[in-house]
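Student: need the 3D shape of this:
(chains A and B)
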Amino acid sequence: MRLFGISRQGRRRARTAGILGACAMAVIGLAACGAVSSTTSSGSSGGKGVTTVVYWNMWSGVYANLIQKLVNQFNAAHPTIQVQMLTVPSADGDAKLLSAIAAGDPPDVFTEWNPEIGTYASTGAIQSLSKYETGQYKGLTSWMYPIAAQWGTYNGQLYGLPMSMSNKELYYNKTILKSIGVTTPPTTFAQLMSDQAKAWKVSGSRVEQVGLYPPNDSWDAFTCAYNSNSYTNGKYTLSSSPGAKAEMDWMAEFKQYSYSAVSGLESAYGSVQGGSENPFDMGKQAFDVNGPWIGADDIPQDNPGMQFGVVPLPASPGAGQSGCSDIWGNYNVIPKGARNPAAAWTFMTWMAGYDNAAWAAKTMALGAWLPASPQIAAQPAFKSWIAANPYLKVFSDGMSNSGNDIVPVSPHEVAYENALTTAVQDVETGAMSPSQALTYIDNQGNSGS
Amino acid sequence: MTRHKTRRFDARTRRRLRTGLLFVSPWVVGFLAFTLYPFLATLFYSFTNYDIVSDARWVGLANYQNLMHDSLFWTALWNTAFYTILEVPLSTVVAIGLAMLLNMKVKGLAIYRTVFYLPTVVPIVASSILWLWLFNPSFGIVNDFLSDVHVSGPGWMFSTLWAKPTFVLLGIWGSGAPMVVYLAALQGVPKEMYEVAYIEGANAWQRIRYVMLPMISPAILFNVILALVACLQYFTQAYVMTQGGPDNSTLFYSLYLYQQAFQDLHLGYASAMAWILFVIVLVITLLLFRSSSRWVYYAGRD
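Tutor: Residues are numbered from 1 along each chain as shown, chains lettered A, B, ... in the order given. Here you go, the predicted structure:
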C-alpha cells in the first residue's frame, strides 16, 4: 500500500532513518554543547589572545552582585584576561568543587572560607601558590597581616590568598544596657558576665530577651579570650589545655538557660531575616561577639534605629588577651587541574589588592570587610570609611593585635570544626560534661571523622 | 517454505526490535549510565577509601567494620527506626481514616478532598519552614494554643525528646498522597458487600474489619512499602529544619550518609552506609511481600 506515493517499506525506512537522524542530531548537539563547555572552561580563545579564567564562589544575593561588579572591574582593567564568574550554592559548593576536580574540569579560581584550606591542601585538591611568589610578587607574604598569611599557609607553602578578612569583637545594645542600669560597656570578662546576666528576660518557658548566649558555632570566637586553641605535634590537644577547659566550663554555665527556648528565639529571628539567626540586630539581645558586617550591613537593614556600640572583647582572667580575635577570611585558591593558573594568579592578586591597594580599600566598605594587608588599611578610602563609622575602628585595630589566632591549619580542620559545633551544643544542653566534650573534639579532630 | 517464512518473520522481528530499541534507547542509556553504573560503583567504593580528589584506595571490609564501631551510625539507625516505627502505622491509620471520611456523601466533598491533599503539593522546603514557625517553642502558634489551655508546650524541634515526634507529626500532616490511593480503593469496594454484611448482622467495626480492610489490602501493601522506603530514606525535612540536632536526636540515616559523603568527603564510608541501607530496605520489603499472602486479598483470586 502506498500513501502519498511512498510504500510501507519506504515509510518504515524513512521512519528508521528519521529516528537515526534525530539520534545523530542529538549526539552532535550534545557533542557541540560539550565542545562549547570545553572551550569555555579551557579558557583560551586563541586568535584574540584573551585568556578566560573560570571563577566560582559561594556568595548569593547582594554579595554575589557585589563580587560580579568587582570581577567586571577586573575585566575592564585587563583586556587580555576575562574572568567568568559562576556562583554555586554554598550548601554543596565544596562538593561541586571536588566533583569538578575529579572530573578534570575545575574552575581556575575558587573562593573558599572557613577551615577547608588545610584539608584541601593535604589531599592535593588545591595547588601551592608559593611558586608564583617571584618577581613582582616576591614580597606578597610579608605584605599581608601575619595572621592572614598564616591562615593561607599549610606545611610552609601558601595555598590561599585572601581577598578580605574579618574578626569578631563585642557588640552591645545601648538601649538594653541603659534599661538594666549599666552606663558603660564592659571592659572585663567578669563585668561582661555580670551585665549579661541582668539583661535576660524569661517569661515562663519563653525567652524574650537574651543577655549573651554563645551559639553552637561560637567556640572560635572566644578562643583568643581564653587562649584555648591547642594543637601540638599534629594533634588537637584541647582536653589537656587549661584555656580550653576554662572556655568549655564557661560554655557549660549557659545550661541554666533553656536551650530550646533560646534556639526558638534565634530561629524565629533567623527565619525572618533570611537565616542570620541573630536576635542581637533585632534588639533582643544585649551582647554579641560578631564581625563588622553586623554593624555595617545587618543592623542598618534590619533595625536601622538601633543604638549599638562595639568594644574590644575582654579576655578571661589570666588567660587570653583583650581585643584579640580569631581571624577569618575569604581565600582564593587554585584547584588541582586548573587550566589557566597563571592568569588565575593575576586575578587573585588583584582581588587581594596587592598591586592596587587604593582600589581594594574602596571595596572594603562595599562588603563590610577588613583588608588582608595593613597597606590597604592605610589607604584614604579605608580610613574615611572607618572615620565615618567609629565602631569599625575596634575591628580595624584588632587586626594588628599580637594575640590574634586562627583555627589551627590541619588536614582535619573540617572534622574539628564539626566536632566543636556538636560539643558546644551538647554542653549547652547538658548532654555532655565539659571534659567529655573536649575529649570528643580531640578524638573527632584527630581521627578526621 | 516454512524455513523461508521463518526467515522473513525473523527479519521483520529484527527490524521491529531495532526500531523498538532505538525508541527505548534514551531510557536504556540513562538507566545504564545514571542508575546501574552508580549503583555498582558504590559497591566497589564501599570497599575503598575515597575522597573524590585522590584515587580510591582498597581497604577491604574496613568501612563496614568501622561502621560497627561508629556511635553516630547507631544513633542514626536508631533515629530512623524510631521515626519509621511511629510514622508508618500512624500515617497509614490517618490516611485510611481520612479516605473513609472523604468517601462519605457529604456536601462540599471536592473542597475537603482538595484541602486534605493540599499538603502533598506544598514544596517540602516551604512546609518545613512553615513547621519551624508553627512549632517554634517561644513564638509558635502551637505552644500559644497550649499555653491558652494552661499546658506548657515542649521545645519541639529544639528538644532532644520531642524533635523526632515533631517530624512524625509533619509526616502525618502530609498523608494526602496515600489518602488518594485509599480513596480510590474504597470506591472500588462494591456496596453490596457492605449490605450483605449488614444483613448478616455485622456492626460498623466488623464491616470495616472484615469487608473494607481486606478489600483495600492491596492498596495498604502498596502504600506501606512506599512509606517504609521513604521513612528509611528520610532526609530533606531534617536537612532543612534541624541539620541533625539537637544532640544528634534528628540525625537520620540518610542525613548522616550525606554528611559523610559530601561534607566530610568519606565517599567510601558513605557508600558502605548506602549498601547497608539498601540491604535493610530489601529485607524489610521482602518480608512484607512474603507476609502479604496472609493478609492481602486480591479480588481476582480465589
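
Student: separation between the spatially closest residue to A:Gly181 that is not a sequence neighbour and A:Pro214?
Tutor: Nearest non-adjacent residue to A:Gly181, counting by CB to CB, 6 or more residues apart in numbering or on different chains: A:Lys198, 7.7 Å away. C-beta coordinates here come from the backbone N, C-alpha and C atoms, glycine included. Distance, A:Lys198 to A:Pro214, by CB to CB, to the nearest Å: 18 Å.

Student: against chain B, how distant is the residue nearest to A:Gly181?
Tutor: Plainly put, A:Lys198 is 20 Å away from chain B if you go by CB to the nearest CB, to the nearest Å.

Student: state the pLDDT value of that residue.
Tutor: The score at A:Lys198 is 96. That number is its pLDDT.

Student: what residues does the stretch 201-350 of chain A have near chain B?
Tutor: A:204-208, A:216, A:258-261, A:263-265, A:267-268, A:271, A:336 (CB under 8 Å from any CB of the partner chain).

Student: please report the distance of A:Pro107 from A:Asn332.
Tutor: Using CB to CB, one gets 11 Å for the distance from A:Pro107 to A:Asn332.

Student: who's more crowded, these two?
Tutor: Taking other CB atoms under 10 Å in any protein chain shown, A:Pro107 and A:Asn332 do not tie; A:Pro107 has more neighbours (28 against 24).

Student: report the buried residues of stretch A:348-360.
Tutor: By neighbour count with 16 or more other CB atoms under 10 Å in any protein chain shown, stretch A:348-360 contains the buried residues A:348-354, A:356-357, A:359-360.

Student: let me have those residues in CSV, extended by distance to A:Val71 and pLDDT.
Tutor: Putting these into CSV (distance: CB to CB, whole Å; pLDDT from 0 to 100) gives the following:
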residue, distance to A:Val71, pLDDT
A:Met348, 12, 97
A:Thr349, 14, 97
A:Trp350, 10, 97
A:Met351, 9, 97
A:Ala352, 14, 96
A:Gly353, 15, 96
A:Tyr354, 17, 95
A:Asn356, 14, 94
A:Ala357, 19, 96
A:Trp359, 13, 96
A:Ala360, 14, 96
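
Student: CSV for the residues you listed, including distance to A:Glu169 and secondary structure?
Tutor: Shown next, in CSV, are the buried residues of stretch A:348-360 (distance: CB to CB, whole Å; DSSP: H, G, I helix; E, B strand; the rest coil):
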residue, distance to A:Glu169, secondary structure
A:Met348, 28, helix
A:Thr349, 29, helix
A:Trp350, 29, helix
A:Met351, 25, helix
A:Ala352, 23, helix
A:Gly353, 23, coil
A:Tyr354, 27, coil
A:Asn356, 28, coil
A:Ala357, 24, helix
A:Trp359, 27, helix
A:Ala360, 22, helix
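
Student: what's the closest of those to chain B?
Tutor: A:Met348 (20.5 Å; CB to the nearest CB).

Student: which residues does that closest one contact?
Tutor: Applying CB atoms under 8 Å, 6 or more residues apart in numbering or on different chains, we find A:Met348 in contact with A:109, A:129, A:161, A:163, A:332, A:334.

Student: I'd like the distance from the spatially most central residue of chain B to B:Ser175, if you could.
Tutor: By CA atoms, centre = their mean, the mean C-alpha position of chain B lies nearest to B:Ala230, the distance being 1.9 Å. Distance, B:Ala230 to B:Ser175, using CB to CB: 12 Å.

Student: what do you get for A:Gly135?
Tutor: 68 Å.

Student: with A:Gln256 instead?
Tutor: Distance from A:Gln256 to B:Ser175, counting by CB to CB: 41 Å.

Student: which one of the two has more residues nearby?
Tutor: The residue with more neighbours, out of A:Gln256 and B:Ser175, is B:Ser175; 27 against 8, by other CB under 10 Å.

Student: per-residue confidence for the more buried one?
Tutor: Model confidence at B:Ser175, expressed as pLDDT, equals 89.

Student: what sits closest to it if chain neighbours are left out?
Tutor: B:Ala95 (4.3 Å).

Student: show me the helices in the stretch 51-200 of chain A, by range?
Tutor: Along the stretch 51-200 of chain A, the segments classed as helices by DSSP state H, counting those that start in this stretch run A:61-77, A:93-102, A:116-123, A:140-143, A:146-151, A:174-179, A:189-199.

Student: got those helices as JSON lines, with mean neighbour count and distance to B:Phe23 columns?
Tutor: Shown next, in JSON lines, are the helices of the stretch 51-200 of chain A (neighbours: other CB atoms under 10 Å in any protein chain shown; distance: least, CB to CB, whole Å):
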{"stretch": "helix A:61-77", "mean neighbour count": "15", "distance to B:Phe23": "43"}
{"stretch": "helix A:93-102", "mean neighbour count": "20", "distance to B:Phe23": "32"}
{"stretch": "helix A:116-123", "mean neighbour count": "23", "distance to B:Phe23": "45"}
{"stretch": "helix A:140-143", "mean neighbour count": "17", "distance to B:Phe23": "60"}
{"stretch": "helix A:146-151", "mean neighbour count": "20", "distance to B:Phe23": "57"}
{"stretch": "helix A:174-179", "mean neighbour count": "16", "distance to B:Phe23": "70"}
{"stretch": "helix A:189-199", "mean neighbour count": "17", "distance to B:Phe23": "70"}
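
Student: re earlier: other SSEs contacting the helix or strand hosting the residue nearest to B:Ser175?
Tutor: Taking DSSP states H and E as the criterion, B:Ala95 maps to helix B:71-102. Packing contacts for helix B:71-102, counted by 3 or more CB pairs under 8 Å, 6 or more residues apart in numbering or on different chains; DSSP states H and E, involve helix B:109-121, helix B:163-173, helix B:176-187, helix B:217-232, helix B:253-258.

Student: try 10 Å this time
Tutor: Secondary-structure packing of helix B:71-102 (3 or more CB pairs under 10 Å, 6 or more residues apart in numbering or on different chains; DSSP states H and E): helix B:62-68, helix B:109-121, helix B:163-173, helix B:176-187, helix B:217-232, helix B:236-241, helix B:253-258, helix B:267-295.

Student: could you check the angle helix B:109-121 makes with it?
Tutor: Calculated by axes from the mean of the first three to the mean of the last three CA atoms, to 10 degrees, helix B:71-102 forms an angle of 170 degrees with helix B:109-121.

Student: for the record, mean pLDDT for helix B:71-102?
Tutor: On average, the pLDDT along helix B:71-102 is 96.

Student: closest one of the contacts of A:Met348 to A:Phe308?
Tutor: Nearest to A:Phe308 out of the contacts of A:Met348 is A:Met163 (CB to CB; 27.2 Å).

Student: which ones are touching the closest residue to B:Asn103 other than its chain neighbours?
Tutor: Leaving aside its chain neighbours, B:Asn103 sits nearest to B:Leu186 (4.6 Å; criterion: CB to CB, 6+ apart). By CB atoms under 10 Å, 6 or more residues apart in numbering or on different chains, the contact set of B:Leu186 is B:96, B:99-100, B:102-103, B:212, B:215-216, B:219.
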